[in-house]
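A.B. asks: Take this sequence and fold it.
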Amino acid sequence: MISQIRASLVTVTDPRSAAAEAYRALRTNLSFSSLDDPIRTLVVTTPAPQPGKSTAIANLAVTLAQGGNRTLLADCDLRRPALHEIFGVDNSSGLTSMMLDESAMTEPPLQETGIDNLWLVPSGPLPPNPADLLGSRRMDAVIARLIESADIVLLDAPPVVAVTDAAVLGSKVDGVLLVVTAGVTRREHAERAKETLEKVNVRIVGAVLVNAPADALMGGYYG
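C.D. replies: Numbers count the residues shown, from 1 in each chain. Below is the predicted model:
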């Protein structure tokens, strides 16, 4: 299974790299930021449409799993799901199946990722009304069911300023992490995303910068 995993999972393919170490630092920062109020459900999203979001959440999930946490990834981007492609798994059943099928709630469609302590619930068939599904009471039940199977659940959500999905989903979880891409994310989009989430009382736990220039000193130390 590991051989099928794409090279974007640097935490698997090059665990001694500076990039992999940065994801481990993110794992540590999340742990320390929530000592008094542990995060068990976390939405990862971006201010605006941009590459790197799903790669970032996948690598974060790997580091959490490597740290001994039973980790579950749920692809809640019901518009452009990507996690099933990153891990090379079937997407015929997933999150939307749990929304519609009681048997899928009883036995969630957890996909093996080939990584110890890490499972994936792909998006499943795409619905015509993603925001309505994610904002429903049924979604509350789905999240509650998923957390029964893991120490932490990471939910991949669409961009904040593009659609309402992330804000709707963020109100149901312990926190939201924003992925910002160097040279791509515009300041006004990041500010608007922050304002949008704060208006619905979403807890923003922080932001992570991806695609930043490599630090030569870090590369030498961890190479």
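
A.B. asks: Three-state assignment for N29, please.
C.D. replies: Here N29 is helix, with the state taken from DSSP: H, G, I helix; E, B strand; the rest coil.

A.B. asks: Adjust the sequence numbering to begin at 26 for everything that follows.
C.D. replies: In the new numbering, first residue 26, that becomes N54.

A.B. asks: The nearest residue to it once chain neighbours are set aside bridge partners, please.
C.D. replies: Spatially, and ignoring its direct neighbours in sequence, N54 is nearest to G231 (7.1 Å; CB to CB, 6 or more residues apart in numbering). C-beta: built from backbone N, CA, C; applies to glycine. With DSSP bridges as the criterion, G231 is bridged to L202.

A.B. asks: Contacts only, for G231.
C.D. replies: Shown in contact with G231 (CB atoms under 8 Å, 6 or more residues apart in numbering): N54, L55, S58, L202, L203.

A.B. asks: Return the distance of it relative to T206.
C.D. replies: Note on G231: its distance to T206, by CB to CB, to the nearest Å, is 15 Å.

A.B. asks: now the helices for the chain?
C.D. replies: Listed in chain order, the helices of the chain (DSSP state H) span 35-38, 43-58, 78-91, 108-112, 120-125, 127-131, 155-159, 162-172, 190-195, 212-224, 241-247.

A.B. asks: Dihedrals phi and psi, D176?
C.D. replies: Note on D176: its backbone torsions stand at phi -80, psi -30 [degrees, to the nearest 10].

A.B. asks: isn't it right next to A86, touching?
C.D. replies: No: look at D176 against A86 with CB atoms under 8 Å: they stay out of range, at 11.7 Å.

A.B. asks: just to revisit the earlier point, the helices of the chain: lowest mean pLDDT?
C.D. replies: Lowest mean pLDDT of the helices of the chain: helix 241-247, a mean of 40.

A.B. asks: In contact with S196: list those residues for me.
C.D. replies: Contact analysis of S196 by CB under 8 Å, 6+ apart lists V225, N226, V227.

A.B. asks: before we move on, what about V188?
C.D. replies: Neighbour list for V188: R104, P155, A156 [criterion: CB under 8 Å, 6+ apart].

A.B. asks: Distance check, it against K78.
C.D. replies: Taking CB to CB, one finds V188 at 13 Å from K78.
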